[in-house]
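Novice: predicted structure and sequence below. I'll ask about it afterward.
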Amino acid sequence: MSRIGKNPIPLPSGVTVEVDGSTSVAKGPKGEHNQHVPEGLSYEMQDGQLVITRPDDTKTMKARHGLVRALIANQVTGVTEGFTKKLEIVGVGYRANVKGKVLDLQLQFSHPVEYPIPEGITINCPDQNHIEVSGVDKQVVGQVAAEIRAYRKPEPYKGKGIRYEGEYIVRKAGKAAGK
């Protein structure tokens, strides 16, 4: 069996998971999350845990088994705890703040960058140099954080830009002095 797929998914109290054909719906205290899942696997509840089994041991079924288990486990985590990505802004004059449904970024361009906050995502700025992106869907949270980071990636000489919290930037030496 798949090492990941054979593990049952524990369902905390207040969380329900329903799989209907190719759609998995998880409901919990943080909200509801729909996920497309490949067909061909069987799902059953045993002692408050969701167990996923596959019909045969073909290579594609083995791959789907682990994938579906990971997707549904992320759904359960999302509707109970949620997912958060933290970003740091480094640089003189670089700052961020939330104005309604728009993230306003000052990144030393000739204009402010306004990023519209997607549905289901919460963006919080505890101060001008930190951004917290949170939501129920792990993929969407990561995508939004990556899109914000892409406006001004950290550069290797001074380290200025938007980076993930705890990300290490490999620094390069500047120009060598002339003769």
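Specialist: Ah, there it is.
Novice: separation between His65 and Pro55?
Specialist: Separation of His65 from Pro55 (C-beta to C-beta, to the nearest Å): 10 Å. To be clear about C-beta, it is placed using only N, CA and C from the backbone, and glycine gets the same treatment.
Novice: the two - which one has more neighbours?
Specialist: His65 (23 against 9; other C-beta atoms under 10 Å).
Novice: name the element that one belongs to?
Specialist: Here His65 sits within helix 59-80, counting by DSSP states H and E.
Novice: name the helices or strands packed onto that helix?
Specialist: With contacts taken as 3 or more C-beta pairs under 8 Å, 6 or more residues apart in numbering; DSSP states H and E, helix 59-80 sits against strand 9-10, strand 16-20, strand 23-28, strand 31-36, strand 49-53, helix 138-150.
Novice: pLDDT below threshold where in this structure?
Specialist: The model of the chain has pLDDT under 70 over residues 1-2, 178-179.
Novice: starting at the chain centroid, how far to stretch 108-125?
Specialist: A distance of 17 Å separates the centroid of the chain from that of stretch 108-125, by C-alpha atoms, centre = their mean, to the nearest Å.
Novice: how about it: buried residues?
Specialist: Using 16 or more other C-beta atoms under 10 Å as the test for burial, stretch 108-125 gives Tyr115, Ile117, Ile121, Ile123, Cys125.
Novice: and the contacts of that stretch?
Specialist: 31, 91, 93-94, 96-98, 101-107, 131-137, 140-141, 144, 147-148, 151-152 (C-beta atoms under 8 Å, 6 or more residues apart in numbering).
Novice: please apply the same query to stretch 60-78.
Specialist: 1-5, 7, 9-12, 15, 17, 19, 24, 26, 28, 30, 33, 35, 37-38, 40-41, 50, 52, 54-55, 83, 135-138.
Novice: re earlier: so can I have JSON lines of the buried residues of stretch 108-125 showing secondary structure?
Specialist: Converted to JSON lines, those look like this (DSSP: H, G, I helix; E, B strand; the rest coil):
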{"residue": "Tyr115", "secondary structure": "strand"}
{"residue": "Ile117", "secondary structure": "coil"}
{"residue": "Ile121", "secondary structure": "strand"}
{"residue": "Ile123", "secondary structure": "strand"}
{"residue": "Cys125", "secondary structure": "strand"}
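Novice: closest one to Arg171 out of these, please.
Specialist: Of all those, Cys125 has the smallest distance to Arg171: 26.6 Å, by C-beta to C-beta.
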